[in-house]
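Chemist: fold the following, please.
(2 chains)
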Amino acid sequence: MSNEPKATPDITSSTVPFWRNPEKRGIIFQIAVLLLVLGIGYVLFSNTQANLKRQSIATGFGFLHNEAGFEIGESVIDYSAADTYARALLAGALNTLKVSFIGIILTTLLGVIVGIARLSHNWLVSRLAGGFIEVMQNIPVLLQLFFWYSIFYEAFPAPRQALNPLPGVFLCNRGLIFAVPEAHPAHTPMLWALAAAVVIWWLLARWARKRQDLTGQIFPVVRSGFGLCLLLPALVWLAYGAPTALDIPVLRGFNFLGGMAVTPEFSALLIGLVLYTSAFVAEIVRAGIQSVNRGQIEAAMSIGLRSGQVLHLVVLPQALRVIIPPLTSQMLNLTKNSSLAIAIGFADFVSVANTTINQTGQAIEGVALIMAVYLFFSLSTSFFMNWYNKKMAIVER
Amino acid sequence: MTDKNASTSRKYLKPPVTEVGVLGWLRENLFNNWFNSLLTILTIYSLFLVIPPLIKWAFVDSLWFSDAAACRDIDGACWSIIPANARFIFFGFFPEDQQWRPLTAMILLLALVLYSQNRRSWNKLLFPIWTAGLFVMGWLMHGGLGLPVVETAKWSGLPLTLMLSLFGMVGAYPLGVLLALGRQSRLPAIKSLCVVYIELIRGVPLISMLFMSSIMFPLFLPEGITIDKVLRAQVAIIIFTAAYIAEVVRGGLQAITKGQYEAADSLGLNYGQAMRLIILPQALKIVIPPTVGILISAFKDTSLVVIIALYDVLKTTKVTLSNPKWMGYSSEAYLFLAVLYFIFCYAMSNYSRKLEKALHTGR
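Modeler: Predicted coordinates for the structure are as follows:
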């Protein structure tokens, strides 16, 4: 220990050259990258400006107010070729929302059923579910859409020979046509009654939770909630004299009149998306349920819960925490995949935007609109996810 | 005596027939309670309704090698559409006398895949072998050096599908790793650029990227310069896939404990060395299974180039189906393609599962 360690030399920024100082190096590197990105951006921008001027393509979103001049196969809102591009795009966006909304509900249902079937103790059922999952996951969704669409227009007969699997339901190459209740003034109040039932359900759930926290008594919230949702509209329906008239589709000439028609494009898109996505959902549900420790189930059974209660009070709350995040991203995938509608001629947002681009030549605005709409969907979903994750995070001791 | 008798008879006492063998298995797996029995019977009944007509359609009443006219007279499947149009479905517009070239390239690819599937061949030679292989494949497809040049516009069918996915993976993987590193970076400008890139791309459908490549990208280039359609679609696929790979790799980077970073620092390694020698080898190994998942979906997603009118194997099939002679046999053609895609994807996912087991990355 004769050699006392020398005092560390005072390292100041003046003695260290700047390229050996990680902080300064970082700043220089960042400035270089930013300059590079900005430079590339500027070159692209000026090229684009020059190209647009040369090809005399208009810029800006002014075209939205012009007359669209093309028809849309089906639309939730009233639309005709005389309407503006803005309205056409709105109709397209609503079609995307419609197919995504119905698709998400059906996918969740089918996915949960297949996922539970995959875990079934029944060998046959579990193997069938496994086969379904493998097949659906490994075939491109676009190919599936083409397949279902081709089934509609090749395998199904013309309206005159339409299949009639149930009374009032017709299946032909014009799509699925089925009877619906005739319009009646009772329908609007029935919808309001349903909304009221949902609100009451929510209040009931809050009250039941509070009471359970205080007294430990359990109130059958789910059963009574479903009961309310059926009972209230039914009461309104009875109050209006129980109208039962049906709008039954009838063959007139080459097509059906009346009833509700689902076009082959919409059906093919819905079937393809639901089958494809539900295979992924099934795997998520299976993994979620398997993630619940066996000890949890045994513990729940040993404190005397019935098997329904075990599922409802112990397994599901824990499994859902694992299931919901990937499930949401699958729902988002379904929404994004609905853009493939353009390949089978369903007028979704991308399809309408594409027609708009072809007519106006304003590719940049069109593609920007497409991206903005889908980004809006994704960002709102991820906000929901963050909120949910925070709410469901395990509170550690 | 009695004791001994009892013990021998006990020794030879067989379990009841309902507990072992086929009957036992049936009882255990299909009929162990009334609900399962009901389920089994219902399932068998619905299979009985579906399977026999399907077999009759696909195998009994079907034609496999015939001309289109013969197919009009049968009720079953007309599989003849595949062999009769195989050349066009597989190779599209590639000049007929040169079609041995994409065929050789595909065989070469298959050989490379089979070779590198074995983990013993994962050594320093693997990278040069693949690089050489890719160059030979590119040469076979494009020509030059003694072979007549074939324009990319004529690349079509299965080789195009495979090429878009292969080069998509090869291009997207390093870009994805860089993006993941950028997202974990301490430099705010780099980090925010990478976050914006990843979230932006993951938020939009692939089809919008393909539109961008096909109708918007030409506007970005100075006058007189054009980049061909296949390459533009390829770039779009790479840009798209890289964002997903970045997220997967980020998961791997986050799974590496802080101690590893500190150990690398204390050894005096700089950022590049630490990443290359310590962090990435571990992080990338952890995320092999999800990466294969991304690659499978990238492979499936190449079929989307149909929408921007590139002639991949799905598009050549659709063209075949628009031929009046073969119109109306879509189910057969699409089922054949489904089997084709299924084989590729199933092989990949199966391999990833095996790898996962071998590497013990799962918990």
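
Chemist: for chain A, just list every one of the strands.
Modeler: Using DSSP state E, the strands of chain A run over A:163-166, A:169-172, A:175-178, A:180-181, A:246-247, A:250-252, A:255-257, A:260-262.

Chemist: break the chain into its domains for me.
Modeler: Assuming you mean chain A. Structurally, chain A divides into domains by automatic domain parsing as follows: A:21-54, A:85-153+A:263-392, A:183-243.

Chemist: hm, I was asking about chain B
Modeler: B:18-55, B:150-359.

Chemist: and the first one, how far from the chain's centre?
Modeler: Right, the one you point to is domain B:18-55. Offset of domain B:18-55 from its chain centre (Cα atoms, centre = their mean, to the nearest Å): 34 Å.

Chemist: kindly report the same for the longest one.
Modeler: In terms of Cα atoms, centre = their mean, the gap separating the centre of domain B:150-359 from the centre of its chain is 11 Å.

Chemist: what residue, apart from its backbone neighbours, is nearest the spatially most central residue of chain A spatially?
Modeler: Closest to where the C-alpha atoms of chain A average out (Cα atoms, centre = their mean) is residue A:331, at 3.8 Å. The shortest distance from residue A:331 to any non-neighbouring residue, by Cβ to Cβ, 6 or more residues apart in numbering or on different chains, is to residue A:104 (5.0 Å). C-beta: built from backbone N, CA, C; applies to glycine.

Chemist: quick check, the residue in the stretch 1-150 of chain B closest to chain A?
Modeler: Residue nearest to chain A within the stretch 1-150 of chain B: residue B:29 (3.7 Å; Cβ to the nearest Cβ).

Chemist: tell me how far the closest residue to that residue other than its chain neighbours lies from residue B:310.
Modeler: Excluding the flanking residues, the one nearest residue B:29 by Cβ to Cβ, 6+ apart is residue A:123, at 3.7 Å. Using Cβ to Cβ, to the nearest Å, we find residue A:123 at a distance of 44 Å from residue B:310.

Chemist: so which of those two has more stuff around it?
Modeler: residue B:310 (26 against 15; other Cβ atoms under 10 Å in any protein chain shown).

Chemist: isn't that one up against residue B:163?
Modeler: No - with contacts counted by Cβ atoms under 8 Å, residue B:310 stays clear of residue B:163, the gap being 10.9 Å.

Chemist: now do residue B:120: how many residues are near it, please.
Modeler: When neighbours are counted by other Cβ under 10 Å, residue B:120 comes out with 5.

Chemist: now it, what's its secondary structure?
Modeler: helix (DSSP: H, G, I helix; E, B strand; the rest coil).

Chemist: who's in contact with it?
Modeler: Listed by Cβ atoms under 8 Å, 6 or more residues apart in numbering or on different chains, residue B:120 has no contact partners.

Chemist: returning to what we had before: touching, the residue nearest to residue A:331 and residue A:332? I think so.
Modeler: No - applying Cβ under 8 Å, one finds residue A:104 not in contact with residue A:332, separated by 9.6 Å.

Chemist: any low-confidence regions in the chain?
Modeler: In the absence of a named chain, chain A is used. A:1-14, A:394-397 (pLDDT under 70).

Chemist: ah, I was thinking of chain B
Modeler: Those would be B:1-11, B:360-363, if you go by pLDDT under 70 across chain B.

Chemist: what residues does stretch A:310-324 touch?
Modeler: A:222, A:284-285, A:287-289, A:291-292, A:296-297, A:299-301, A:305, A:388, A:392, A:394.

Chemist: mind listing which of those are in helices?
Modeler: Secondary structure defined by DSSP state H assigns A:222, A:284-285, A:287-289, A:296-297, A:299-301, A:388, A:392 of the contacts of stretch A:310-324 to helices.

Chemist: burial count for residue 237?
Modeler: Since you didn't name a chain, this refers to chain A. Neighbours of residue A:237 using other Cβ under 10 Å come to 19.

Chemist: chain B was what I was after
Modeler: 26.
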